[in-house]
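Undergrad: Using only what follows, build the 3D model:
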Amino acid sequence: MNHQHRPTGTKQSNKSYKSGKHRSKGQIKRLQAGKVNTTTRKSPKNRLQEKKQQRKNRAKQFAEQKRQQSLLRNSIGRMNQGPPRLVAIVPLGSQANVDEALNLLLTQCEYEESQLLPTNIGGIHAEVPRFKTRLSFYKVNDRETNTILDMAKVADVILFVVNIDEGIDEAGETTISLLKNFGLPSVMGTYQGLNTVENKKKSAAKKLMQEILHDIFPNKPKMVPMDTERDSNQAIRFLCNVKISNNSWKNLRPYMFVEKVNFEPYENSKFGTLALTGYLRGTKLNVNNLIVFPDYGEFQLLKIETSNDPHRFGGPSSMEVTEVVAEANPQLQQTLEQYHEPDFFASEQTWPTPQELMEADMAMKTQTKVVPKGVSGYQAIWIPDDYAGDDMNESSEEFDVDIDVDNIDINAYRLAGNQSMEEESSNESLDSEEKLEELKEQELEDFHFPDEVDTPIDVPASVRFQKYRGLKSFRATPWDPFENLPVDYAKIFQFENVNRTRKRVFRERDGVEDGSWVTLYVKDVASDLLADRPNNHPLVVGGILKYENQMSVMNFHIMRHPSYEKPLPSKQELTIHCGFRRYLGQPVFSENSTCDKFKYMRFLRNGSSIATVYAPISFNPCPVAMFDSDGALVATGNVKNIEPNRVILKKIIICGAPVKINKNRSIIKGMFFTPEDIRWFKPVELWTKYGRTGHIKEAVGTHGQMKCVFDGQLISQDTVCMSLYKRVFPKWAILPTPERLN
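TA: Below is the predicted model of the structure:
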């Protein structure tokens, strides 16, 4: 007998049409609605997922790759692996003697004395057999900023020299601060004059010199005395074993410290080929890319030649082998063109026919006009034909002028006009001290009353502030970045995706391997290009990556240097060091924020700021330093991005005062002086310094008073303000442009 279990009355009985929290089979079937199941397509993220062992192997390979790169950097100068270690000897005080320090170091090395001649523009190459290391010394006698900075860009090790009695002076502190921003190479310090200190105080003096360098550099570099040959022995040991630091911006670009220069002129021409010889450092150099001299501009390469290393460990090779490893391809070579030439007649227009142009030319060649006495032929062109001479006296003589348009020297008139304007400006210009005091007053006023301006009485406000507009919200109100662009924007280049282009450029680097002794043949160079170069200044050549010769809008993330105390307004001409480049620019300073619009800064303040300037493209990472006309360090930083669409808005605040207050309505005066201006600015929102907001209702009278409505009652000491904005742009940079071969 079959027995079927039946639940009792206390047993839970679920409803048959309820499937619970999961979907029932019938519901799934209804949702599919006859669709055929397909193979689930994996997303790109799922396809890239690897098993645990594969991830471990990849991490292991990446770590091994980094280890090999570190070993390769530290092996620079070991035996014949790569170029010798380039050591720059830099003084940090006026009493520091770099010649004495170099002579003591050379006593522990083997070198050729012919390298000590003044005609040697390169370093002094030496061997240290004990440590099987090659060193190349370059002493910086001149404490000029450009010399120190150019040498620090290419050096592997910087050896600072300090006098124990003087210590590090103010110029030395500025030098250290500047070099730290540009990515210091490996650092080591020496101090002189310890033998003049009493024996009881020598230990304290050594400890003090160590602490000075350790406070500046967090990695705590070595600091050794440099008075005797025994001291130099210790210094050489540290120089041979010091770990070479990794500077990313230098490792991503090729560069060379030039050891030899040779010029081969063209036939019957002042131009020729300049041969630069030295060790190629950094990364690979493509012969089709450009190179840059910091003070002379960009040039094209003709070919690259390699030869045996003349400073090989154990002596040069007996067999001279020279080989051309790369020749430039004219079709693939980068052009020297830095910006577009805007075509002002490219827009749609009705152009006259050739016959009409010829008839107009014939009609203008000779014509007769009645003009006042003393008017030249060039000035007579601009006098209309129906000129009645109302301003002339009846006694004034009239005469006919035959105007020969083809023989008018327009440039002469322009030059005369410019000279007269320069004379007027020079007569009206103030002394430098008076200008400095005036700038200090303006900076102080901008600090206490930021953005506040006075409404002019003699000029209508609608005319004076016609380029300004009001914004409901600085952060939320949109601003079209392509509206009312200046003519300079027709010259620059812009990327669709900067980050993607940057990664592709760094990924596609190819060419001659770094670390070899090469000769770069630079074509179309003027014979007097290097004539004014000082003998004690190092000659440095930097490689330019693809697209880095074109002009665009560069944004630099900078910090004002603490040692600079003068006021620094926007659009002041500064010398900008950007990587291996050096040029003049007039940057516009703005706040560093996350908004899509950025507030213009009239003066550079302490803290983080953004400097915007027209400049050649430089992909980050790339350090930046700015100097004023006196050579003082103004600011340091790095490249932030390449963004022409960055909207920088200059803000002004027009203020007024309440004269009558009736609940939420008030009569305001002092903001405008005519009813027309009040009606012009009526749509712009008002705000007060005590937090009220409102708007203009109507003008009262004819002297600029207006009735305003606010969201609450004002107090008598409150100030009513109106914010207006306009977009500002930087000025065109002045780049070093060498004489070109036509």
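Undergrad: Give the buried residues for stretch 661-681.
TA: 666-675, 677-678, 680-681 (16 or more other C-beta atoms under 10 Å). For glycine as for every other residue, the C-beta is placed from the backbone atoms N, C-alpha and C.
Undergrad: low-confidence ranges in the stretch 501-650 of the chain?
TA: Regions of the stretch 501-650 of the chain meeting the criterion pLDDT under 70 are absent.
Undergrad: The chain now?
TA: 1-10, 16-21, 32-51, 71-80, 317-318, 344-351, 364-431, 742.
Undergrad: sorry, back to before: looking at the buried residues of stretch 661-681, which one is closest to residue 509?
TA: Residue 509 lies nearest to residue 681 out of the buried residues of stretch 661-681, by C-beta to C-beta, at 55.8 Å.
Undergrad: quick one: that closest one from residue 671, how far?
TA: 8 Å (C-beta to C-beta, to the nearest Å).
Undergrad: which neighbours do these two share?
TA: residue 722 (C-beta atoms under 8 Å, 6 or more residues apart in numbering).
Undergrad: The lengthiest helix in the chain packs against which elements?
TA: The longest helix of the chain (DSSP state H) is helix 52-74. The contact analysis (3 or more C-beta pairs under 8 Å, 6 or more residues apart in numbering; DSSP states H and E) places helix 52-74 against no helix or strand.
Undergrad: Mind listing residues that contact that helix?
TA: With C-beta under 8 Å, 6+ apart as the criterion, helix 52-74 contacts 50, 81-82, 243-244, 246.
Undergrad: wait, which of the buried residues of stretch 661-681 is closest to residue 481?
TA: residue 681 (24.8 Å).
Undergrad: I'd assumed residue 672 was in contact with that closest one.
TA: Yes. Between residue 681 and residue 672 there is a contact at 7.1 Å, judged by C-beta atoms under 8 Å.
Undergrad: where do the contact lists of these two overlap?
TA: With C-beta under 8 Å, 6+ apart, residue 681 and residue 672 have common neighbours residue 461.
Undergrad: how far is the longest helix of the chain from where the chain is centred?
TA: Put simply, helix 52-74 sits 34 Å off its chain's centre (C-alpha atoms, centre = their mean, to the nearest Å).
Undergrad: continuing past that helix, what's the next helix or strand?
TA: strand 85-91 (DSSP states H and E).
Undergrad: Please identify which helix or strand holds residue 558.
TA: Using DSSP H and E, the element containing residue 558 is strand 551-560.
Undergrad: Direction included, what does that strand pair up with?
TA: Note on strand 551-560: by DSSP bridges, its sheet partners are strand 608-616 (antiparallel), strand 633-642 (antiparallel).
Undergrad: Just name the most buried of the ones you listed.
TA: Per residue and on average, the most neighbours among the strands paired with strand 551-560 fall to strand 608-616, with a mean of 23 (mean count of other C-beta atoms under 10 Å).
Undergrad: what does the helix or strand following that strand rub up against?
TA: Toward the C-terminus, strand 608-616 is succeeded by strand 623-627 as the next helix or strand (DSSP H and E). Applying C-beta under 8 Å, 6+ apart, the external contacts of strand 623-627 come out as 145, 149, 178, 181-183, 249, 556, 558, 574-579, 587, 611, 633-639.
Undergrad: let's see 6 Å
TA: Residues outside strand 623-627 that contact it (C-beta atoms under 6 Å, 6 or more residues apart in numbering) are 178, 181-182, 556, 574-578, 633-638.
Undergrad: just the CA coordinates of it, formatted as PDB?
TA: The C-alpha trace of strand 623-627 is given here as PDB (Å, rounded to 0.1, in the frame of the first residue of the first chain):
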ATOM      1  CA  PRO A 623      61.700  70.400 -15.400                       C
ATOM      2  CA  VAL A 624      61.200  74.100 -15.700                       C
ATOM      3  CA  ALA A 625      63.000  77.100 -14.100                       C
ATOM      4  CA  MET A 626      62.300  80.900 -14.600                       C
ATOM      5  CA  PHE A 627      64.600  83.800 -14.300                       C
END
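Undergrad: which neighbours does that strand have in its sheet, and in what orientation?
TA: Strand 623-627 has its sheet partners listed here by DSSP bridges as strand 574-578 (antiparallel), strand 633-642 (antiparallel).
Undergrad: Output the longest one as CSV - backbone C-alpha positions only.
TA: Output of strand 633-642 as CSV, limited to C-alpha atoms (Å, rounded to 0.1, in the frame of the first residue of the first chain):
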residue,chain,number,x,y,z
LEU,A,633,65.7,82.7,-9.9
VAL,A,634,62.0,83.5,-9.9
ALA,A,635,60.2,80.1,-9.8
THR,A,636,60.8,76.4,-10.4
GLY,A,637,58.5,73.6,-11.4
ASN,A,638,57.7,71.2,-14.2
VAL,A,639,55.6,70.7,-17.3
LYS,A,640,51.9,70.1,-16.4
ASN,A,641,50.3,69.7,-19.8
ILE,A,642,49.9,71.0,-23.3
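Undergrad: what packs against the strand ranked longest in the chain?
TA: If you go by DSSP state E, the chain has its longest strand at strand 647-662. Judged by 3 or more C-beta pairs under 6 Å, 6 or more residues apart in numbering; DSSP states H and E, strand 647-662 is in contact with strand 597-601, strand 665-669, strand 720-727.
Undergrad: tell me how far the longest one is from the chain's mean position?
TA: Meaning strand 720-727. 30 Å.
Undergrad: In CSV, list the C-alpha atoms belonging to that strand.
TA: Only the C-alpha atoms of strand 720-727 are listed here, as CSV (Å, rounded to 0.1, in the frame of the first residue of the first chain):
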residue,chain,number,x,y,z
VAL,A,720,27.7,96.0,-2.9
CYS,A,721,29.8,94.3,-5.5
MET,A,722,29.5,93.1,-9.1
SER,A,723,31.9,90.5,-10.6
LEU,A,724,32.9,90.6,-14.2
TYR,A,725,35.2,88.3,-16.2
LYS,A,726,37.1,88.2,-19.4
ARG,A,727,39.5,85.6,-20.9
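Undergrad: Report the angle between that strand and strand 665-669.
TA: Strand 720-727 and strand 665-669 are oriented at 60 degrees to each other (axes from the mean of the first three to the mean of the last three C-alpha atoms, to 10 degrees).
Undergrad: Strand 720-727: what's the following helix or strand?
TA: Next along from strand 720-727, by DSSP H and E: strand 731-734.
Undergrad: sec struct for residue 215, please.
TA: helix (DSSP: H, G, I helix; E, B strand; the rest coil).
Undergrad: again with the one 3 residues further on
TA: Following three-state DSSP, the label given to residue 218 is coil.
Undergrad: doesn't residue 102 fall inside a strand?
TA: No. Read with three-state DSSP, residue 102 is helix and lies in no strand.
Undergrad: ok, back up a step: mind putting the strands paired with strand 551-560 in a markdown table, distance to residue 118 included?
TA: Below are the strands paired with strand 551-560 laid out as a markdown table (distance: least, C-beta to C-beta, whole Å):
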| stretch | distance to residue 118 |
| --- | --- |
| strand 608-616 | 35 |
| strand 633-642 | 30 |
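Undergrad: right, so of these, which gets closest to residue 552?
TA: strand 633-642 (5.3 Å).
Undergrad: From the chain's centroid, how far away is the closest one?
TA: With C-alpha atoms, centre = their mean as the basis, strand 633-642 stands 6 Å off its chain's centre.
Undergrad: Show residues contacting that strand.
TA: 174, 178, 181, 498, 552, 555-561, 564, 617-618, 620, 622-628.
Undergrad: give me that answer again for 8 Å
TA: By C-beta under 8 Å, 6+ apart, strand 633-642 touches 145, 174, 177-178, 181, 495, 498, 552-561, 563-564, 568, 574, 578, 604, 609-611, 617-628.
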